[in-house]
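Asks: below are the sequence and a predicted model for it; my questions follow.
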Amino acid sequence: MVNVTKSNFLEQLRDLLLHLPTSSFVSIDEEMTGISLPGSRNSRPNKVELPSERYTKLLKEVPERYAILQVGVALFHKNPKYKDPAKGSDSGGGGSPSRARASSSAAEEEQRLLANGGDSDVMEHAFMHREGALNQDELEDLTEREEENEADRLNEEEPSQPEFTSRIYNFYIFPSARSDRELTLNPSTIKFLMENNMDFNKVFEEGIPFTTVKNAEVLKERYFRKHNDEAKKNGDKTPTKKDKVMLTSTNDIAFVARVMANLREWIDSDDSNLQNVINGQEGTSLVLPPCNAFLRRCLYETIEAEYSGLLLERADLSPNAGPTARNQIRVIRLTPEERKRRENRLKVEEWEKLLQGNLGFTTVFQAISDVCNGRVLTKERIEGFLDGSFPSPSVPLDEGCNGRQIPLIVHNGLMDLMFLLTHCHDPSLPSNFEETKMRIRHYFPSIFDTKVMSTEYSDAQIKGGSTALGDLFDTLKVVDASENFLFPTISNQENGGSEGQAHEAAWDAYMTGSVFNALGKRILEGKNVLNLDLTFNSLLNESSDSLLRDYLGMNMIYMHMSLYTIDLESTSGPAGLHDPLSSGLSIDTTFHVSGITTSVSTRDIIQALMAGSEGESDDILRELKYDIIWVDDSSFFVGTRREEGVALDDWSTLKLIVMHVRNKLHDGLGNVEILSLEQYFKKKNVTKGAGTGGIAKSLVSLATAPFQLLKRAMSASEQEPASKKRRLN
């Protein structure tokens, strides 16, 4: 992990650009000056409000108001030394990994015995083992010996390698002095960052600037237009329209005459070229005596008129300038070759100053966006970009180069993505949440949120624990140790290879990518697809978007304390009404319960729902699982999970679940109000939208359209076919 500031930005930018195109995935994390609006930390978010409502009331203004201090970027590359333990024998087939390893072990044991002229009895047993001619005891004995031999052999080989390696960059960023962006600090956030060792001196003194992508394009266009001007290229100068200085003072006339005489003597001297060789400078130079601005202007005009081949510059531009240099002129004489070298050097220095002092982190943002969109970065383009020959490190789209779209990984990353937009796209976010989602996808079309993966796509062990990033990282380190899973190594580690700490952006980015790797493998194993040669790496690089979405939740973003998960791919309908319910909840079997006493806990609710479940005659009711989502101290949502394969259009099943939940809650909690989601949304919007006319009514209609099925389930028992009827005993 390397800290990146203005002093080493160009060096680390080059390193990142060269390694970015070959990465398998990229993860990011940020530390900001604030993450919530004043006063909002003391009130609970309304878990029921639509994402568009939450965005307008609580989210949009946060990244517009506060600033990023650190951006962690982690690149993850496939490790060439990695050997997948789940790969079976070369013969293919669908056998289990353990059987494949046993078969391979037996074959290797035969080859070893043959090569060493081994014991004939052992060889016979090995052959018989493969032919299936051993009894059970002999088979177990031989298998045990093979495993011991295999373990000894593996111990002599290279140690296990992780599937991926990583390179981690910790960018400190801070607005430039010319930026219009103000820096607002939230006291509680700053206190938290100080407790976690944020180096604010490094932020304020050495922070890398940033700008919008649009402004960056303007600055680059201005630079290339200047240096592509043929008049500039040939050393021509545009004649000045200012009137020439006229000297009237005798002293001024005498001063200019003395300076010009000394200049002619220097030009005619034979040792000027020798002096240049000794000093190793670019051409030869002469520093004129100090004088006021009026006389310096006169000298500029006189020398340019008499010696147009000489270059003039301020003497204080030299690294060894003295105290009076700001009032002096340096005259430089160059050969044609020296002039060309100097022009190239000054061009590169100007470009590097632009990169370091103006474009800054926006260059990193744009490069990551380019690879996420499949743009190709070549070494030639990268080197040309860094020396000012190309405006971008990526190959232009009109040249027909299209590469693999590299996914971006975040953890609970909605706010991180919106902060990037306000820093690198536009300081103001769109008023419409759907437009913001589309803008995120414009820059990053394939995003995975490890918070969503852990809460909605993982196994019960992961879902049942803490899904905070640090806790998730530690949990996976422990539970996957027995599976020989190794977290990625860090290739550009500083500080003697020590680990970072939580809430340092770069380390959090590394943990995010590592968790993505570990969760992805666990999810695949849970779906029993490893035997079909679908590894985590092949899933990322060779699978369809639909498979990535089904298995890993591509483009699904977590929304904190909400009933909803953000779907970045949703584009139709009024804002916010088409993001799905979170945590795998079904709209058909989720209910709002109110009127409970404040003493009721989650445990009380679960006990009420589970009471007598072992005695249920119906398998569906016996195996139901419940999610409790609190709205406030007196109301909550309860969602039911069912086994896969239960059809949503099975009216009798829906009615069975509805009656079961209502009866259990009334029995366990008393006279509480239980509303279907349709009833809840209607009540909520009628109360909220009284007098708003047709718009509110149409929104309610669209929002509750999916719940018509539930309504039929509760009221259509008389029309149900006999074969569909079920009873709750």
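Replies: Good, I have the coordinates. Numbering: from 1, shown residues only.
Asks: ok, how many other residues are close to the spatially closest residue to Met554 that is not a sequence neighbour?
Replies: Nearest residue to Met554 in three dimensions, chain neighbours excluded: Leu548, at 4.3 Å (C-beta to C-beta, 6 or more residues apart in numbering). Every C-beta, even on glycine, is put in place using the N, C-alpha and C of the backbone. Neighbourhood size, Leu548 [other C-beta atoms under 10 Å]: 18.
Asks: where in the stretch 301-450 of the chain is pLDDT low?
Replies: 400-401 (pLDDT under 70).
Asks: for the residue nearest to Asn402 when sequence neighbours are not counted, give its distance to Leu13.
Replies: Spatial nearest neighbour of Asn402, excluding adjacent residues (C-beta to C-beta, 6+ apart): Gly374 at 5.3 Å. According to C-beta to C-beta, to the nearest Å, Gly374 stands 21 Å off from Leu13.
Asks: out of the two, which sits in the more crowded spot?
Replies: Ranked by neighbour count (other C-beta under 10 Å), Gly374 and Leu13 place Leu13 first, with 26 against 16.
Asks: wait, doesn't that one sit right on Phe365?
Replies: No: Leu13 is beyond contact range of Phe365, at 11.8 Å (criterion: C-beta atoms under 8 Å).
Asks: from Ile657, how far off is the residue located most distally from the centre of the chain?
Replies: Most distant from the centre of the chain: Thr250, at 69.8 Å, with distances by C-alpha atoms, centre = their mean. Per C-beta to C-beta, Thr250 is found 107 Å from Ile657.
Asks: just Arg178 next, same as before
Replies: For Arg178, the distance to Ile657 (C-beta to C-beta) stands at 62 Å.
Asks: neighbour-wise, which of those two wins?
Replies: Set Arg178 next to Ile657 and count neighbours by other C-beta under 10 Å: Ile657 wins out with 24 against 9.
Asks: element containing that one?
Replies: helix 651-669 (DSSP states H and E).
Asks: tell me what that helix is packed against?
Replies: Here helix 651-669 touches strand 590-594, helix 602-610, helix 619-622, strand 635-641, strand 673-676, helix 708-715, going by 3 or more C-beta pairs under 8 Å, 6 or more residues apart in numbering; DSSP states H and E.
Asks: what's the closest of these to Met260?
Replies: Of all the helices and strands packed on helix 651-669, it is strand 635-641 that lies closest to Met260, at 89.1 Å by C-beta to C-beta.
Asks: what about Ile557, helix or strand, and which?
Replies: Here Ile557 sits within strand 556-558, counting by DSSP H and E.
Asks: how about residues contacting that strand?
Replies: Around strand 556-558, the neighbours that count as contacts under C-beta atoms under 8 Å, 6 or more residues apart in numbering are 410, 412-414, 417, 447, 449, 451-452, 455-456, 549, 565-568, 582.
Asks: possible to save the helices and strands packed on helix 651-669 as CSV with mean neighbour count and distance to Tyr307?
Replies: Formatted as CSV, those follow (neighbours: other C-beta atoms under 10 Å; distance: least, C-beta to C-beta, whole Å):
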stretch, mean neighbour count, distance to Tyr307
strand 590-594, 20, 86
helix 602-610, 15, 88
helix 619-622, 15, 97
strand 635-641, 20, 85
strand 673-676, 18, 91
helix 708-715, 16, 89
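Asks: of the ones you listed, which is nearest Phe171?
Replies: That would be strand 635-641 among the helices and strands packed on helix 651-669, by C-beta to C-beta, at 40.2 Å.
Asks: give me the sheet partners of the lengthiest strand in the chain and which way each runs.
Replies: Using DSSP state E, we find that the single longest strand of the chain is strand 68-78. Neighbouring strands of strand 68-78 in its sheet, by DSSP bridges, are strand 25-32 (antiparallel), strand 164-172 (antiparallel).
Asks: adding distance to Asp633, write those out as a markdown table.
Replies: A markdown table is the format used below for the strands paired with strand 68-78 (distance: least, C-beta to C-beta, whole Å):
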| stretch | distance to Asp633 |
| --- | --- |
| strand 25-32 | 31 |
| strand 164-172 | 42 |
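Asks: distance to Val478, mean neighbour count and mean pLDDT added to those, as JSON lines?
Replies: Output for those, formatted as JSON lines (distance: least, C-beta to C-beta, whole Å; neighbours: other C-beta atoms under 10 Å; pLDDT from 0 to 100):
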{"stretch": "strand 25-32", "distance to Val478": "21", "mean neighbour count": "25", "mean pLDDT": "98"}
{"stretch": "strand 164-172", "distance to Val478": "19", "mean neighbour count": "25", "mean pLDDT": "96"}
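Asks: of all those strands, which one is nearest Asn197?
Replies: When those are compared (using C-beta to C-beta), the closest one is strand 25-32, at 11.1 Å.
Asks: what about the closest one, distance to the chain center?
Replies: Mean-position distance between strand 25-32 and its chain equals 5 Å (C-alpha atoms, centre = their mean, to the nearest Å).
Asks: can I get it in PDB? Just the C-alpha atoms.
Replies: Extracted in PDB, the C-alpha atoms of strand 25-32 (Å, rounded to 0.1, in the frame of the first residue of the first chain):
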ATOM      1  CA  PHE A  25     -11.500  -6.100 -10.800                       C
ATOM      2  CA  VAL A  26     -11.000  -2.800  -9.000                       C
ATOM      3  CA  SER A  27     -12.300  -1.800  -5.600                       C
ATOM      4  CA  ILE A  28     -12.600   1.700  -4.100                       C
ATOM      5  CA  ASP A  29     -13.400   3.300  -0.700                       C
ATOM      6  CA  GLU A  30     -13.500   6.900   0.500                       C
ATOM      7  CA  GLU A  31     -13.200   8.900   3.600                       C
ATOM      8  CA  MET A  32     -15.100  12.100   3.700                       C
END
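Asks: mean confidence for the helix or strand following that strand?
Replies: Downstream of strand 25-32, the first helix or strand assigned by DSSP H and E is helix 51-54. Mean pLDDT, helix 51-54: 88.
Asks: the residue lying closest to Asp633 once chain neighbours are set aside in helix, strand or coil?
Replies: Spatial nearest neighbour of Asp633, chain neighbours left out: Thr598 (4.9 Å); criterion: C-beta to C-beta, 6+ apart. Here Thr598 is recorded as coil under DSSP: H, G, I helix; E, B strand; the rest coil.
Asks: so Thr598 sits right up against Ser635, yeah?
Replies: No: contact criterion C-beta under 8 Å: Thr598 and Ser635 do not qualify, at 10.9 Å.
Asks: quick revisit: what's the next secondary structure element after the strand holding Ile557?
Replies: Counting by DSSP H and E, the next helix or strand C-terminal to strand 556-558 is strand 565-567.
Asks: quick one: strands adjacent to that next one?
Replies: Sheet neighbours of strand 565-567, with direction, are listed as strand 556-558 (antiparallel) (DSSP bridges).
Asks: so what's Leu317 closest to, chain neighbours aside?
Replies: Excluding the flanking residues, the one nearest Leu317 by C-beta to C-beta, 6+ apart is Arg330, at 7.3 Å.
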